[in-house]
Structures are given as structure tokens and as C-alpha cells.
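> sequence unavailable; structure follows:
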């Protein structure tokens, strides 16, 4: 830290302990004091000559005193109070005074108040302090920050004297300088462990830094209060030499430091007004460029904004930014607690709005605008962002499905929002649906049917199919679809297999007719929407084994003529028809129509795994 010593005489200011109500300071001298200066609750017994020779204001005050008051004057509004006045008085006496970054601002403001100009005496206090500020303080990185902090209590005076503007310019200029020219000390703790372990590329074998990181200045600025911090960041932005990602890192570090519990959720016992202002300022300072701060940081900021009841403008801005970067988010990021008074655990409506905003943004953006996803998911191509969001929401649905108070409409509406997003697997969605059915066993048939419509059974993996055909919570329709599409996948194309099926069977499949073909059977829609019994599952497995044998035989005769292949296909159709006939007859025999509900979901199962699957009563759960 830079400092300046003024004067050479020893400090002879003393305190008189005989007074109780008034604090007295006097100069130990052979000459009797001839003036009294009252500053706040302190009485200074001083000599006129040294003070009046350097202070124009004291000259005026002494001249204005009347005979009744003698030579006693009152100064109540001097910046810095008694301590600052004493520094100026000691300078007048030529006593040793040490100025540094912590007290130079109060001394400068007090000297201005006392009018200690060069016109009164050459080499006066104002001149000496200005030289010290310009030659030392404003050239020092950390001293400039300390001085800026001290201006908080004397902001009006500091603004008028341009101390604040000089500090801002000094700090911003240093933060914007080429890192190769940084030669002063700074604080940088965030990568300390990696550096000490020798894992950081910034350190060589001699344990000396090889280069200065671009965000070297971030930690030191975290010491500033939010109003001054805002002005520093704005000044840095104005210079235009610091990239947006470094600004974003600075805002992230500041928020973590200044907002209690931000990394784990905002602390409940905080000053709401103070921290609401902080969050709103951070949002306002966010760089305009996309991706300069992480989506995780934005979501935590949104969580804090909701908790602190920040303005609608700030919340909408955060939601807009989050929607643009939603593919980067994790499921834990989205688990935002519902506002007080809500029945649900998590704020599902907020996530719904985020996904809708993402859909709107995606429709307005060129498909190639996925550069930040290129290295993560190159195989998805231009729709990578939608694939990632679909997987994210599948995981989120599985988590919120555990909430017994979650209404079906919220679950389904969120699932339908991403229904158009193509993804290679629906296993995650199946897990979410199964979890919801498990936690909400009392839902009606229509509700069960509605939730199952979210899933495409053709996109289930073999493991998911094996689980689905044993799942007592799924409607019969879904189980049949899973078995059928797995058989289709194992033997032939869906077009060849479905073309020879009866209309009553095709009506159960996606895109199937629900017209006149339905009238050909005595079974109702309710039969297919009910939950199958253990006997139904056994019948399905037996017929599936027979069908699989037929599939293997046809596979060994790949060289057969087209006529023979058509014949084999027709035989498969007859076997499938036999499966459904057994199911219908079983329903009529047992009279079992479950109160559980179902859906027109679609799926696929591995036939080989289905054969070895244990009975339905020994199902396992993905939840």
C-alpha cells in the first residue's frame, strides 16, 4: 500500500480526561491556546496562527465570532468529522501525518471544506494530497479500489472533487489492459488448489505464473458495494476491451460472494430490500451476448429473483435468456421451489413458461444456431438443441411425478410442449409416466389414457419394453402395442406386418382406423383401456413365443421366393390375430375390466427378452 508522510514535528495532541460529557483534545505547548474549535462532540483547544495561516474558512469563522463567544467556533458539517479535522490541524502545526488509501479521501474532503488552497499558502494540504493521489494512489490497482470504497461515506464530496471518476477510470483502465502488461499484485483464489497441485497450465516447474488469466481482476472487485461495483462494470464495458464472457464471470463471482447462500439457494434470513437491489443490478449488468454466462447461473439468479420478489422486467429478462440457453441446463437447475402457498413442491408453471419461450425462440432462430452444442452432440445435427431439451424435460417430469399434489394437467401440458421434439428414445418419458402412475394410483381411466398418449412405444428400448409388458400400471392397449411393435422390429418392416392384420387390431395401433373396423368386434374401447390380468400376459407370452419361432424360421430361409415371404407374413398376421382373440375371450370369461386408465401410447419391445420375462406379478419398477 502506498503512503505519504507530511510534517516532521512529533505529535503533541493530547486528550484531557477530566471532562465527561465532552471529549477534549489540546496541543501540549508552552504557549496558551487562544481558540476553541467544536467539531461534533470534540472540543479542540488550538492556536490561531498555524491554523488561520492555512485555512481560509477558519479565517472567516474567527472573523465572524462576536465578543460574547470569544474565540470559540463551531464546525458541525465538516466531512470526516473530528478525525479528519485533526489530520488537517496537525498538518497546520507541521506535525507528522501519514496518509494512505484508507484516510486520504476524508483528509482531502476536509481540506476542501477548510479551504486549504495554494492561494492561502504555497504547498498547502490540498495540493500535497492531489499530488499523492495522482502520482501514487490512482496508479495502484488495490489502492484505487480501497479509495473507491472509502468514498461511499463521502460520496457527494468525492463526486465534486472527481475522486470517484478518477478511481473508476483507473480501475477500468487496468482491468482492460493487455494481460501481458499486468505487473501488479492481485487476488485470484478460485484456481488456487489446481495451481498448488501443479495441475494448472498457468504454473511452471519453478512455481511461477507463466501468464495472467483474463479474469485476474474479478476477485478484487467483489469487495465493492453494489452501487460502486455497478459503476465500475459500466466503465469497463464502455472502454470496450473486455470480452463478454469475462464480464459474465465477474458477475458470477460477485453474486456468489455478495448474496448469502446463492450457490445452494438464497438464505431465508437476509435483508430483502438490499439483496433485491443486488439481483436486479446483476441482471441489468448482464452482457447482451448469448452464452457469456452459464444457464445454471441464470437459473439460480431466477430462483433468487423469485424468492426476493424482484420486478417483472428482471424476471422476464432472465427467462428470455434462459430459454435461449435451455439446452445447457441440468435437471437440478430446473428444480425451482414453488412460491409459498402453492400445493406442489416445485414451480412447474415456471418451467412450462421456459419451455414455451424456448419453442418460440427456436422457431425464430436459424437451425444452424446451435454452435455451442456442436462439440457435445454432433450426431443430432441442426435439431441438437431440441433433442437436449426433450431429454432434460423427460428427466424433470420423472422428478416432479413423485409429487402427490401434482395435477395431471400440469404434467401432460409440459409433456405436450415438447411432443414435437424428435428424440431417439422415449425411455425417459416412459419412466416419468410410470412414476406418475405409481404415485397417483387413483386417477381415472380418461386421465390414464391421456398421460399415456405422450409416449411413442416404438421408441422404447428393449429393456424398457421388457419392463412395460410386466407393468401392472399400464393399460392393455399399451402392453399390446409394445408387444406388437417389438415383433415388427424383430421380424419385418411395420408396413408389411400391419397390412395383413385385421382392422380391429390395426385400430389399436398408431394411425390405425377407428371407423367401421371397430364395429367388427364385440369388444369395446373400455376393454383395451383397462389393465390386463396375469392370464392375459401369459397368453400374450405364449403366442409371442410361437410367433418368434416363426420369425426365426423365416430368417433361416432368406432365399425364399417372394411368394413364400408373403405367405409367411400372412401367417404372422393370423398368429397376431389369435393373440388378440385370446385376450378378448379371457376378458369375457373373467369379466375383469379394471378401473385403471390408459392411452393410445406406442412402443417397442425385444421379443427375445420378452420370452424370458417373469410373470407380471413379479414386475420391476424403473422409478
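The structure has been received and is ready for your questions. Values in this document were obtained by computation on a predicted structure and should not be read as measured data.

> so, low pLDDT: which residues of this protein?
For the chain, the stretches with pLDDT under 70 are 17-22, 66-70, 190-210, 365-382, 491-623.

> the strands in it, which residues?
Taking DSSP state E as the test, the strands found in the chain are 3-6, 13-16, 23-27, 35-39, 42-46, 72-75, 97-100.

> for the last one, buried residues please.
Within strand 97-100, the residues that qualify as buried are 97, 99, 100, counting by 16 or more other C-beta atoms under 10 Å. C-beta here means a position set from N, CA and C on the backbone, and glycine is covered the same way.

> please name the nearest non-neighbouring residue to the first one.
When you say that, I think you mean residue 97. Take residue 97 and drop its neighbours on the chain: the residue closest to it by C-beta to C-beta, 6 or more residues apart in numbering is residue 6, 4.5 Å away.

> check residue 459 too.
Once flanking residues are discounted, residue 459 sits nearest to residue 426: 4.0 Å by C-beta to C-beta, 6+ apart.

> do the same with residue 309
residue 276 (6.8 Å).

> surely that neighbour touches residue 306?
No - with contact defined as C-beta atoms under 8 Å, residue 276 does not reach residue 306; the gap is 11.1 Å.

> now do the same contact list for the residue nearest to residue 309.
Residues near residue 276 by C-beta atoms under 8 Å, 6 or more residues apart in numbering: 308, 309, 310.

> next one: residue 55 from residue 75, what distance?
Note on residue 55: its distance to residue 75, by C-beta to C-beta, to the nearest Å, is 11 Å.

> and for residue 89?
According to C-beta to C-beta, residue 89 stands 11 Å off from residue 75.

> cool, residue 262 as well?
Counting by C-beta to C-beta - residue 262 and residue 75 are separated by 44 Å.

> next: residue 60.
Taking C-beta to C-beta, one finds residue 60 at 12 Å from residue 75.

> between these two, point out the one with more neighbours.
Shown here are residue 60 and residue 75; by other C-beta atoms under 10 Å, residue 75 has more neighbours (19 against 12).

> what about stretch 212-232, start to end distance?
21 Å (C-alpha to C-alpha, to the nearest Å).

> let's have the strands of the chain in TSV, adding distance to residue 443.
Output for the strands of the chain, formatted as TSV (distance: least, C-beta to C-beta, whole Å):
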stretch	distance to residue 443
strand 3-6	75
strand 13-16	81
strand 23-27	77
strand 35-39	77
strand 42-46	77
strand 72-75	79
strand 97-100	72
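
> helices of the stretch 151-300 of the chain, residue ranges please.
In the stretch 151-300 of the chain, the helices defined using DSSP state H, counting those that start in this stretch lie at 155-160, 163-175, 192-196, 218-221, 226-239, 244-258, 272-285, 295-307.

> how about these in a markdown table, adding distance to residue 133?
Listed next are the helices of the stretch 151-300 of the chain as a markdown table, based on distance: least, C-beta to C-beta, whole Å:
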| stretch | distance to residue 133 |
| --- | --- |
| helix 155-160 | 11 |
| helix 163-175 | 7 |
| helix 192-196 | 33 |
| helix 218-221 | 19 |
| helix 226-239 | 17 |
| helix 244-258 | 26 |
| helix 272-285 | 28 |
| helix 295-307 | 37 |
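
> out of those helices, nearest to residue 136?
Residue 136 lies closest to helix 163-175 among the helices of the stretch 151-300 of the chain, at 11.3 Å (C-beta to C-beta).

> quick one, that closest one and helix 226-239 angle?
Put simply, helix 163-175 runs at 50 degrees to helix 226-239, going by axes from the mean of the first three to the mean of the last three C-alpha atoms, to 10 degrees.

> in helix 163-175, what counts as buried?
163, 164, 166, 167, 168, 170, 171, 172, 174, 175.

> would you confirm that the second one contacts residue 152?
No - under the contact definition of C-beta under 8 Å, residue 164 does not touch residue 152, with a separation of 9.7 Å.

> wait, which of the helices of the stretch 151-300 of the chain is closest to residue 435?
helix 295-307 (23.0 Å).

> so what does that closest one touch, helix or strand wise?
helix 244-258, helix 272-285, helix 312-324, helix 331-334 (3 or more C-beta pairs under 8 Å, 6 or more residues apart in numbering; DSSP states H and E).

> returning to what we had before: check contacts around the residue nearest to residue 97.
91, 96, 97, 98, 99, 125, 128.

> and which of these is nearest residue 418?
Using C-beta to C-beta, these come closest to residue 418 at residue 99, 64.2 Å.

> contact partners for the nearest residue to residue 74 once chain neighbours are set aside?
Spatial nearest neighbour of residue 74, chain neighbours left out: residue 38 (4.6 Å); criterion: C-beta to C-beta, 6+ apart. Going by C-beta under 8 Å, 6+ apart, residue 38 touches 44, 72, 73, 74, 75, 76.

> now swap in residue 396 and tell me
Here residue 396 is in contact with 331, 334, 335, 351, 414 (C-beta under 8 Å, 6+ apart).

> from residue 455, how far out is residue 409?
Residue 409 is 17 Å from residue 455, by C-beta to C-beta.

> ok, now residue 487?
On the measure of C-beta to C-beta, residue 487 and residue 455 end up 18 Å apart.

> the stretch 1-150 of the chain: helices as residue ranges?
Using DSSP H, counting those that start in this stretch, helices in the stretch 1-150 of the chain cover 48-52, 56-64, 81-93, 104-113, 125-135, 141-150.

> and the angle for the fourth one with helix 125-135?
Right, the one you point to is helix 104-113. Using the same axes, to 10 degrees, helix 104-113 lies at 150 degrees relative to helix 125-135.

> run the chain-centre distance for helix 104-113.
A distance of 43 Å separates the centroid of the chain from that of helix 104-113, by C-alpha atoms, centre = their mean, to the nearest Å.

> same question, the fifth one
From the chain centre to the centre of helix 125-135 is a distance of 45 Å (C-alpha atoms, centre = their mean).

> name the residues of it that are buried.
In helix 125-135, counting by 16+ other C-beta under 10 Å, buried: 125, 126, 128, 129, 132, 133.

> show me the contact partners of it.
Helix 125-135 is contacted from outside by 2, 4, 6, 54, 88, 91, 99, 104, 107-108, 111-112, 116-118, 147, 163, 166, using C-beta under 8 Å, 6+ apart.
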